Every structure is written in C-alpha cells, then in structure tokens.
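# Quick one, what's the 3D model for this:
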Amino acid sequence: MLLITGHTEKVDCWLSTKSEGVKKVSCWDWFDFKQIKENVSLKDIYLSAKKTLSRNKDNASLEQYTPTIKETLTILDKQYDSSAQKYAKIDINSFNGIINKPVLTSSLGRLLIHYESEWYGKVDSEGKLLKWEALNSEMTENVSNVLDYLTEGDEAKLDAYINTLETSKQQSEKKGFEELKRKIDRFPKDYKSNPKQKLNAEQIEIYKKVQKLEDKVMAWDKTKEKIKKMLWWDDVAKGLAKLNQPKNTPPATLSDNGKAWFIHPVAMKMFALKNSELTIVIDPGHGYEKGSSGATAKIYTYKISKNKTATANIETLPQEVIDDTTLIISDTEDPEKNERGLVFDVSIKLKKLLELKGYKVILTRTERRIKGIDGPETRQARIDLANKNNADYFISIHADGALNYSASGSHVIYPNISDSEIVALSKELAVDIFSYYNVVPVESSSPKKDVRNLQVLRTSNKTKRKVLVELGFITSPKDAKALFSNIDLIAQQLYEGLLKNIKKFY
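Purely as a prediction, here's the structure:
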C-alpha cells in the first residue's frame, strides 16, 4: 500500500493493522538464506577450492578458506557421520554425496553470494584481463615451463617446475625430463614437415606428448580470448543508466564495479524439491547383444524405371517410394537403424527434459548396446531396478515391427492384472502420455490392455503407473521416416503427455 508520511512523501510499504504479535520485516528479505560477501580475488577463490583437495583429519579446519568455500564445505561436511573422520572437498564426489539429501541440497541452494561477476572485467593496454591472467600460474605455468625446456632447452624453466614438486620426487622427475630432452634433440631437424615418416615409433610417441603440452597452453589462451568477447556487464550498465527511469523508484541498473548478489545454481533445484521426490523409470526396450534385439529398419531396393533399380536407406528413400511401397523390390536389414538405438536416443532426451523439471529419472540401460541376452532374467532385472527405487512411474519405450510395409501406427499398452487400482491409474497414464503425440498417427484402438502378458507390465513390477509405448512401425517406410527424423520431437511430446498426468496427482 502507499503510506503518506509527515513529510508529504509517498512510501511503498507493508502496514499491519494490528501491532501486537506482528514481526515487521522488509518484503525483500530472503528468509533462511545465508548471505556471503566475497571480497577476495578470483585466484584466491580458485586456490581456496584447490586447497580443499588435501583436507584430512589433520587439516580439516574451515577457517583457512574463503567465505564461499567455507560455507560450502560446512554444508557438504554434514553428509558424513561426525565420528567417521571424513571431510568434504570441492570435487564431484562430495557434491554427488548430497544429491539424495534434500536438507543439504536445500541449504546449498540458499547461499546468496555477493561477488564480482565473471561477465565483468577491465582490459588493460595490452588487451589482457588481469583477473584471468592471474590464473596463468595455476592453469599453464608448469606446462609452459616444461614445454620451454623440452623445445628450447631453457633449464631455468625446468628448475622452476621441479621446485613446485615434493622434495622426494624432484630428483627422479628432473632426470626423466633431461632424458626426454636428449631424445628430442636426436629428432631429425626437419621432422616437423612430416613427423609420421621422419620419426620412429618411440619418437612419434614423444612428439605426441609435446603436442599435448602445446595444446594445453593454447586451450587456456583461447579460453581467455573467449571470456574477453563475452564481457557484457559494462555495456548493459551504461545502457540502463541512459534509460528514462520513473521518478521515486530505485534506478534499474547494474553496479559499476561488477558486483551483485548471485544465487547458487543449486537453488534452481531447491524450488523443485517436491519434484525430486518423484521417481520415474524409463525403460528403453531391448538393447542387448543377443536375444530379442527388437525391430530393424530396412535398406530398400526399388524401381526407378522399367530396367533400373536403386538402393536407399530410410533417410534417403524418395517420398514417392514411401507413398507407393509397390515400387520396392526387396529389402535388407539396416544395421545402423534399429529399435534398440531409436528408443535409447528418445529415452536419453526424455530423461534430460524431466530432470530439468527436477524429477529423479532412472534409465534401465545407459548404453545403446549392452552385453547380455534380452530374456526373462534381464527383463526382471529392469523390474527389480524400478522396485528397488520405489518408482512412481515406469515407462517402457519400444517401436513395432512387421513383415509387411503396410503395418503402421502407434499405441500404448497398459497392464492386464487383477489390481484394479494399478490398471485404472496406468490406463489413464496411457491416455495422457499420447495426448500430444503425433509423429506417427495413434491407432484408434489405443490405449490397449495387455493381451501379450508382457513381463514388464506384470504384478512383479510394483509401480502403480506403468505403460509400454509403441512409437510406430520402423518396418513401415512411412513410420520409420517420421521416427528417425524426429527424435527430439518424440521426446518433447512424450514429456508433455507425462507431465499432464503428473500434474493431476502431484
């Protein structure tokens, strides 16, 4: 509301009608958020994070770290029992350790950090960004020193690198590099013009090692150039300052020193914590080397004139042949286009879409082709995976196949079991998941009750909402063309349909 003060000013504020028991706070307060002001340099933060990698019981104090690193470690340490003498580091394992601990991920997400944006920086007269140049010693100085010794014989550079090592390793490392240098000195003078012909096998391996060092130095230089091109802070700040701002309102601008409050990326997950309590298992059908490998698309031989034929896979098959399959004379299986790969690609993309929404998603296979036999035991293993993770949804994704080209269309199958609740919930899911699907026309009989006694839909699968999706017939030229050309769209449409069902119940 607007409050008129004794100074005849209009003030935007909250006003309580009763004062007793009312806590007056600003509407801009960030409740339960930890606010950290980081005033050290970018290099100091990097070194502080690097220092955590050596944490142990004798070096566990948090006081040695910069504020942001200290607060992050305080949260990460809580994943361990206090008696275990285990200490978090700024590494992937420590962060992975709290993925399934909502209280800790929420705490990490509630860090508000005030620091200088990476999109802000001052370029000096030599065109260099000083705060990033300060990281040279960490990123490439050792590599550059070794490279200068090996290519130019600069012994001072070698000594500089050797002095960064533990004393116990210095002598052996130095001898190793000196021997390597002697071998390089025996390379033919003109070897760079054609290394493969002018160097022997051992020399080629040494040459490759030197190239890797050069690539590493160049990669960091390219990264700094990329950063320079992406600096937008000053331009936006100046542009906002020139805008006509309404009177009596705070100016819409950015600070001229590049500093602002940043919310930790994990906070984006924090707002989806309810979603993360939902587990969705996606089962890309088949996938095994042996057994039922699923349907396979074809390579077609077709007529192009009375006495001429041509051959094409589904990607290059002319539309006129797709429309008139009587032109096809014969076919063979296409080893590159099959159900196993198609449904895997769709499943991977569907998983990513759901994870962006905050859901916990598990794939029953994580490779396009896996060792083993597709049979009752491996199917039961996929069911066991869903049961073990208390899956709320089980989506088995497949594609159909037939001996003729005319079989076409998509459909969804739901369980045919005695549990009426599971049948009803799954049937509704079967309807919803194809709500938006039109890559291949949906058969009028869809959804279908399972009459084939499919193992993944039986009572042994404890999931209450479970369906098997048949995306279309990859043995049909028309369906196959649509399927293999629209992987992203298939995933998006299944995602929208699944989301429709989820929103009904969660």
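
# any low-confidence regions in this structure?
1-32, 102, 244-252, 264-276, 291-293 (pLDDT under 70).

# Identify the single longest strand in it, thanks.
Ranked by residue count under DSSP state E, the longest strand found in the chain is strand 328-338.

# how about the helices of the stretch 101-250 of the chain, start to end?
102-109, 130-133, 136-139, 141-152, 155-162, 167-185, 195-198, 201-229, 233-242 (DSSP state H, counting those that start in this stretch).

# go on, the stretch 251-400 of the chain?
266-270, 273-276, 319-323, 339-356, 376-388.

# Those helices: which one's closest to Leu53?
With respect to Leu53, and counting by C-beta to C-beta, the nearest of these is helix 266-270 at 20.5 Å. For glycine as for every other residue, the C-beta is placed from the backbone atoms N, C-alpha and C.

# ok, now how distant is the most centrally placed residue in the chain from Asp488?
With distances taken as C-alpha atoms, centre = their mean, the residue of the chain nearest its centroid is Lys352 (7.2 Å). Look at Lys352 and Asp488: by C-beta to C-beta, to the nearest Å, they are 10 Å apart.

# Just confirm Ile413 is within a helix.
No. Looking at Ile413 with DSSP: H, G, I helix; E, B strand; the rest coil, it is strand, so not inside a helix.

# quick one: contacts for it?
By C-beta atoms under 8 Å, 6 or more residues apart in numbering, the contact list for Ile413 reads Ala430, Pro447, Lys448, Lys449, Asp450, Arg452, Leu454, Leu457, Val467, Leu468, Val469, Glu470.

# Check which helix or strand Ile69 maps to.
Take DSSP states H and E as the rule and Ile69 turns out to sit in helix 67-76.

# elements contacting that helix?
Under the contact definition 3 or more C-beta pairs under 8 Å, 6 or more residues apart in numbering; DSSP states H and E, helix 67-76 sits against strand 34-37, helix 42-51, helix 102-109, strand 111-116.

# could you redo those as TSV and give each row mean neighbour count and distance to Lys175?
Listed next are the helices and strands packed on helix 67-76 as TSV, based on neighbours: other C-beta atoms under 10 Å; distance: least, C-beta to C-beta, whole Å:
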stretch	mean neighbour count	distance to Lys175
strand 34-37	14	47
helix 42-51	17	28
helix 102-109	18	46
strand 111-116	18	44
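
# which one of these lies closest to Ile348?
Checking the helices and strands packed on helix 67-76 against Ile348 by C-beta to C-beta gives helix 102-109 as the closest, at 23.8 Å.

# Summarise which helices and strands that closest one is packed against.
Partner elements for helix 102-109 (3+ C-beta pairs under 8 Å, 6+ apart): helix 67-76, helix 266-270, helix 273-276.

# separation between Asn313 and Ala399?
Distance, Asn313 to Ala399, by C-beta to C-beta: 16 Å.

# Give me the phi and psi angles of the nearest residue to Val412 once chain neighbours are set aside.
Spatial nearest neighbour of Val412, chain neighbours left out: Ala430 (4.1 Å); criterion: C-beta to C-beta, 6 or more residues apart in numbering. Dihedral pair for Ala430: phi -60, psi -40, per degrees, to the nearest 10.

# Bridged to Val361, which residues?
Beta bridges link Val361 to Ile280 when assigned by DSSP bridges.

# Fine, thanks again, bye for now.
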